[in-house]
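Trainee: Okay, predicted coordinates and the sequence, questions at the end:
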Amino acid sequence: MKREKWFPKRYQCICSDHFTTDSFEWRWGIRYLKPDAVPTVFLLPTHLQVRIKLVLEVNYLWKVLQLEHSYCRQDVGKAQLWEKISKLQRKIEELEQQEQRTVARLKSMEHLIEQLKQENLISEEKLKVMENCLTTFELTVLQ
């Protein structure tokens, strides 16, 4: 594995000894190699092992640096941002429609109360209670 420009041939493979335990996942009782797993365990001569440790340490430090300074880079792609924008626009449209329906119901209730007043089908006491509730409802909706 420590050969320059080495690529596995069709019938070459790496056994599970070259992967750490966190490189595997269990599904339905079967151990599968994670798609992003990288072989990191090798039995190499000591002069090559030092170099691997340095590379792994640099990689680790780079990951830590990226985590600590994640505010400096953009994690989300443009496509994801546009998707989020379109979802938020749909949500705004839904809320505007909901507001229009609520205002229409409110006007309908006001019209019904006016009809009840004109036809004297409701007592003054009940009328005051309804108007008070309606005013409270209007204030809640308009805020």
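Mentor: Yep, it's here. Numbers count the residues shown, from 1 in each chain.

Trainee: Now do the phi/psi pair for Gln98.
Mentor: The phi/psi pair for Gln98 (degrees, to the nearest 10) reads phi -60, psi -40.

Trainee: What of Lys34?
Mentor: The phi/psi pair for Lys34 (degrees, to the nearest 10) is phi -70, psi 150.

Trainee: And it, how close does it get to Thr102?
Mentor: 50 Å (Cβ to Cβ, to the nearest Å). C-betas here are computed from N, CA, C, even on glycine.

Trainee: a helix runs through Leu106, doesn't it?
Mentor: Yes: assessed with DSSP: H, G, I helix; E, B strand; the rest coil, Leu106 lies in a helix.

Trainee: Check the burial of it by counting its neighbours.
Mentor: The local packing of Leu106 (other Cβ atoms under 10 Å) involves 15 other residues.

Trainee: I'd like to know the predicted local confidence at it, please.
Mentor: Note on Leu106: pLDDT of 83.

Trainee: Please apply the same query to Glu25.
Mentor: Listed pLDDT for Glu25 reads 78.

Trainee: got it, and Glu110?
Mentor: Looking at Glu110, its pLDDT stands at 81.

Trainee: Noted, bye for now.
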